[in-house]
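Q: No sequence on hand, only this structure:
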């Protein structure tokens, strides 16, 4: 994931499509040593993530979830 993030310009977006909760595992790898309880009750499925970069350094992540009716954007998790 870090490979692709390093190739987008400021203001651009990257879409990664996957199945089975793999995206959260990759995001945890980007953040390093953090308390994963901030990710919520499950490391299963998420709709996506907004990742804030400073150069090639990940500064924060906001997970996007869906409650069945609405998209929910969680508070940022600082790297």
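A: Right, received. Where do you want to start? Source: prediction; values computed, not measured.

Q: May I see the buried residues of the helix or strand containing residue 63?
A: Assigned by DSSP states H and E, residue 63 belongs to strand 57-66. Within strand 57-66, the residues scored as buried using 16 or more other Cβ atoms under 10 Å are 58, 61, 63, 65. Backbone N, C-alpha and C define where each C-beta goes, glycine included.

Q: Buried residues of the helix or strand that it is followed by, list them for me.
A: Downstream of strand 57-66, the first helix or strand assigned by DSSP H and E is strand 71-73. Using 16+ other Cβ under 10 Å as the test for burial, strand 71-73 gives no buried residues.

Q: which other helices and strands contact strand 71-73?
A: strand 57-66 (3 or more Cβ pairs under 8 Å, 6 or more residues apart in numbering; DSSP states H and E).

Q: quick one: residue 16 from residue 35, how far?
A: Between residue 16 and residue 35 the computed distance is 24 Å (Cβ to Cβ, to the nearest Å).

Q: got it, and residue 28?
A: Noted for residue 28: a distance of 11 Å to residue 35, by Cβ to Cβ.

Q: Give me the more crowded residue out of these two.
A: Between residue 28 and residue 35, counting by other Cβ atoms under 10 Å, residue 28 is the more crowded of the two (16 against 7).

Q: burial measure for the residue nearest to that one when sequence neighbours are not counted, as a count.
A: Leaving aside its chain neighbours, residue 28 sits nearest to residue 36 (6.1 Å; criterion: Cβ to Cβ, 6 or more residues apart in numbering). Neighbourhood size, residue 36 [other Cβ under 10 Å]: 12.

Q: what's the spacing between residue 36 and residue 25?
A: 10 Å.

Q: Also residue 62?
A: 17 Å.

Q: quick one: the helices in this protein?
A: Secondary structure of the chain (DSSP state H): helices located at 2-5, 22-31.

Q: So what's the residue count around residue 34?
A: If you count neighbours by other Cβ under 10 Å, residue 34 ends up with 14.

Q: Go ahead and confirm it touches residue 28.
A: Yes - contact criterion Cβ atoms under 8 Å: residue 34 and residue 28 qualify, at 7.4 Å.
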